[in-house]
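J.: sequence below, structure please.
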Amino acid sequence: QVQLVESGGGSVQSGGSLRLSCVASGITASSACMGWFRQAPGKEREAVATINGYGITTYAADSVKGRFTISQDSAKNTLYLQMNSLKPEDTAMYYCAGQYVRLCSGPWKYWGQGTQVTVSS
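T.: Numbering: from 1, shown residues only. The predicted structure is shown next:
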């Protein structure tokens, strides 16, 4: 059984930083496509960043490029999202997700429960 457990969310002021973590079990995160998504109130869920099973990263949202960094620690089977220079528009529930393939070409089958990020101006 695959489980993804996020942590690291919280409330910060604009310009601050947070690092989200996603501990995976039942799946080898470094061998799968993993990603971060977010959903703000009243908006659709959007992809933020992905990392495939070969370590290639993609930032889906132009608004986070240069500010967010996705990475993983294979020894800890953990996915991270380092978020710097946070803005109020980054406020959302952030979700960790995974696919059972290396390349990000399959369905997002596995989801965490989410961690809330709130950025105040």
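
J.: the bottom helix or strand of the protein by mean pLDDT?
T.: Across the helices and strands of the chain, mean pLDDT, DSSP states H and E gives its lowest value to strand 57-59, namely a mean of 92.

J.: what's in contact with it?
T.: Residues outside strand 57-59 that contact it (Cβ atoms under 8 Å, 6 or more residues apart in numbering): Val48, Ala49, Thr50, Ile51, Asn52, Lys65, Phe68, Ile70, Ser71, Cys104. In short, each C-beta sits where N, CA and C put it, glycine included.

J.: report the distance from the strand or helix carrying Tyr95 to the chain centre.
T.: Following DSSP states H and E, one finds Tyr95 within strand 92-98. Put simply, strand 92-98 sits 5 Å off its chain's centre (Cα atoms, centre = their mean, to the nearest Å).

J.: out of the contacts of strand 57-59, which are inside strands?
T.: Val48, Ala49, Thr50, Ile51, Phe68, Ile70, Ser71 (DSSP state E).

J.: okay, these in TSV with distance to Trp108, pLDDT and neighbour count next?
T.: Output for the ones in strands among the contacts of strand 57-59, formatted as TSV (distance: Cβ to Cβ, whole Å; pLDDT from 0 to 100; neighbours: other Cβ atoms under 10 Å):
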residue	distance to Trp108	pLDDT	neighbour count
Val48	13	97	24
Ala49	13	97	22
Thr50	10	97	21
Ile51	13	97	23
Phe68	18	98	20
Ile70	15	97	20
Ser71	19	97	14
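
J.: show the average pLDDT along stretch 1-15.
T.: Averaged over stretch 1-15, pLDDT sits at 97.

J.: could you look up the SS state of Glu89?
T.: helix (DSSP: H, G, I helix; E, B strand; the rest coil).

J.: got the CA coordinates for stretch 71-91 in CSV?
T.: Below are the C-alpha coordinates for stretch 71-91, written out as CSV (Å, rounded to 0.1, in the frame of the first residue of the first chain):
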residue,chain,number,x,y,z
SER,A,71,14.2,17.6,-4.9
GLN,A,72,14.3,14.2,-3.3
ASP,A,73,16.4,12.2,-0.8
SER,A,74,16.5,8.6,-2.0
ALA,A,75,17.9,7.4,1.4
LYS,A,76,14.9,8.9,3.2
ASN,A,77,12.5,8.1,0.4
THR,A,78,11.3,11.7,0.8
LEU,A,79,10.3,14.4,-1.7
TYR,A,80,10.8,18.1,-0.9
LEU,A,81,9.6,21.4,-2.2
GLN,A,82,11.8,24.4,-1.1
MET,A,83,9.7,27.5,-1.5
ASN,A,84,11.5,30.9,-1.3
SER,A,85,10.3,34.4,-1.8
LEU,A,86,6.8,33.4,-1.0
LYS,A,87,3.9,35.5,-2.1
PRO,A,88,0.3,35.8,-1.0
GLU,A,89,-0.8,34.1,-4.2
ASP,A,90,1.1,31.0,-3.2
THR,A,91,-1.4,30.4,-0.5
